[in-house]
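Engineer: Structure for this input, please:
(chains A and B)
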Amino acid sequence: MNRVLLRLPLIALGIGLVAVFATACGSGSDEAPAGAKTLSFKLTDQGCDPAEAKVPAGPVSFEVENAGTSKVTEFEVLDGTEILGEKENLSSGFSADFTLTLEEGTYTLYCPGGENERGTLTVTAN
Amino acid sequence: MIPTLVIALREGVEASLIVGIIAAFLVKESRGDALRQMWVGVAIAIALCIGVAVVLRVVGQQLPQREQEGLETVIGLIAVTAVSYMIVWMRRHARSFKAALEGSAATALATGSTLALVGMAFLAVLREGFETSVFMLAAFQDASDTTAAGAGAVVGLLTALAIGVGIYRGGVRINLARFFRVTGLVLVFVAAGLLATSLHTAHEAGWFNGLQSQALDLTWLVQPGTISGSLLTGMLGLQPTPTLGEALIYAMYAAPMAVYVLWPDRLRLRRAPARTRTAPAESPA
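Structural biologist: This is a model prediction of the structure:
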């Protein structure tokens, strides 16, 4: 029985290594392609700043920074109810970025906890 | 300091709660030998998470958010199963706790179940560990005031650890038979919270997009950015604005399980024959 119990940490290590590889491979898609438009947002007590944004269709790089609020720590881009991209646990001063390829349409910017939680992102035709 | 404290506390408590419960359960159910294996697993998980976070920072990559949420969802569902198993196990053996001495073979967990719980503790740390490690590194490097942010994050994490230790110590001392209904009910709400949280992370993983309208406004209770809010979210899975799906799945789990835990012994259907039906000449066993 001792041998069985000792194998468990090794199995755990194996699972862990798989997780590491999955993580490493997954993060390759974070790279913003050349020519991506950049939108910068700040998290404030009011929510997403700016709350309205417009960008042409194609790859869009979202740069988010917490400008000193403790109420809002998350930034999401939604298409209806589907979350296309998000960053969370953004404490005061933290920043993060992610890239999405967006088609023409209207999307929601969501900064939960802010006074005005939801904003609009309009993606225009190219 | 508080902003990073509450995040580290919430993330940490989500892991230390499960580990504390499992550790106490293993000791109570006479599998203290598995406890050491559990700590080894937890240590490996912590090392893995720190390692991944450091590698990500060195390489300049961010944690892949969708995959992280997917991992949290899968492990969250496994955790619901584990806690449910503990509740049912405690219910079934509540009567024999009174009859048999603690430590007897009759109440000991089977080896398979023990290994499953040890594995669960490892997974529970992994579930929050990656995000927490990445967050801790960011607190010391990215924050506008890294000293306050770093200190807050460390205090939050240490508090989460203390809570886990407290749960373990309290759980070991508690008389499960006498306090089963109380501890069982608490576990029901922990599991219901885990289930609702798993639906929340499933949405963030892009797996579930239905029933997303806001069902309740709990911001009066679960105040974002506060210590109480982070404890309520971390330990009981309560969100400030739960969606319809989250509220439904919470109720659908909590209601029947609470009834199961609270159901009086006398009314339980039992296969054993009632003693009153035996012939008067026979003496009770």
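Engineer: Quick check, the residue in chain A closest to chain B?
Structural biologist: Taking Cβ to the nearest Cβ as the measure, chain A has residue A:93 as its residue closest to chain B, at 3.1 Å. All C-beta atoms are positioned from the backbone trio N, CA, C, and that covers glycine.
Engineer: which residues touch that residue?
Structural biologist: In this structure, residue A:93 makes contact with A:65-66, A:68, B:142-145, B:149, judged by Cβ atoms under 8 Å, 6 or more residues apart in numbering or on different chains.
Engineer: Outline the domain layout of chain A.
Structural biologist: As assigned by automatic domain parsing, chain A contains the domains A:1-29, A:31-124.
Engineer: Tell me how far the residue nearest in space to the middle of chain A lies from residue B:30.
Structural biologist: Ranked by distance to the mean C-alpha position of chain A (Cα atoms, centre = their mean), the top residue is residue A:86 at 2.5 Å. Using Cβ to Cβ, to the nearest Å, residue A:86 is found at 45 Å from residue B:30.
Engineer: Off-centre distance for stretch B:71-87?
Structural biologist: Distance, stretch centre to chain centre, for stretch B:71-87: 8 Å (Cα atoms, centre = their mean, to the nearest Å).
Engineer: Adding mean pLDDT, write the domains of chain A out as TSV.
Structural biologist: Below are the domains of chain A laid out as TSV (pLDDT from 0 to 100):
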stretch	mean pLDDT
domain A:1-29	57
domain A:31-124	92
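Engineer: I'd say residue A:70 and residue B:2 touch.
Structural biologist: Yes: taking Cβ atoms under 8 Å as the definition, residue A:70 is a contact partner of residue B:2 at 6.6 Å.
Engineer: Next, the residue nearest to the centre of chain A: secondary structure please.
Structural biologist: At residue A:86 the chain is in strand, as set by DSSP: H, G, I helix; E, B strand; the rest coil.
Engineer: ok, for whatever residue of chain B ends up closest to chain A, nearest residue in space, not its chain neighbours?
Structural biologist: Closest residue of chain B to chain A, Cβ to the nearest Cβ: residue B:144 (3.1 Å). Once flanking residues are discounted, residue B:144 sits nearest to residue A:93: 3.1 Å by Cβ to Cβ, 6 or more residues apart in numbering or on different chains.
Engineer: The one you found in helix, strand or coil?
Structural biologist: Classification of residue A:93 using three-state DSSP returns coil.
Engineer: who touches the residue of chain B closest to chain A in this structure?
Structural biologist: Contacts for residue B:144 (Cβ under 8 Å, 6+ apart) come out as A:68, A:92-93.
Engineer: so which strand or helix has it?
Structural biologist: Counting by DSSP states H and E, there is no helix or strand that carries residue B:144.
Engineer: and the gap between it and residue A:88?
Structural biologist: Distance of residue B:144 to residue A:88, given as Cβ to Cβ: 18 Å.
Engineer: re earlier: I'd like the distance between the residue nearest to residue B:144 and residue B:224.
Structural biologist: Relative to residue B:224, residue A:93 is positioned 18 Å away (Cβ to Cβ).
Engineer: List buried members of the contacts of residue A:93 by neighbour count.
Structural biologist: A:65-66, B:142-143, B:149 (16 or more other Cβ atoms under 10 Å in any protein chain shown).
Engineer: what secondary structure does the closest residue to residue B:229 other than its chain neighbours sit in?
Structural biologist: Computed as Cβ to Cβ, 6+ apart, the closest residue to residue B:229 that is not its neighbour in sequence is residue B:223, at 4.4 Å. Of the three states, residue B:223 takes coil under three-state DSSP.
Engineer: Check what pLDDT the closest residue to residue B:27 other than its chain neighbours gets.
Structural biologist: Residue nearest to residue B:27 in three dimensions, not counting chain neighbours: residue B:172, with 5.1 Å by Cβ to Cβ, 6+ apart. Predicted confidence (pLDDT) for residue B:172: 86.
Engineer: Residue B:172 should be in a helix, yeah?
Structural biologist: Yes: membership of residue B:172 in a helix is supported by three-state DSSP.
Engineer: thinking again about what came up before, now, which of the contacts of residue A:93 sits nearest residue B:257?
Structural biologist: The shortest approach to residue B:257 among the contacts of residue A:93 belongs to residue A:66, at 38.6 Å (Cβ to Cβ).
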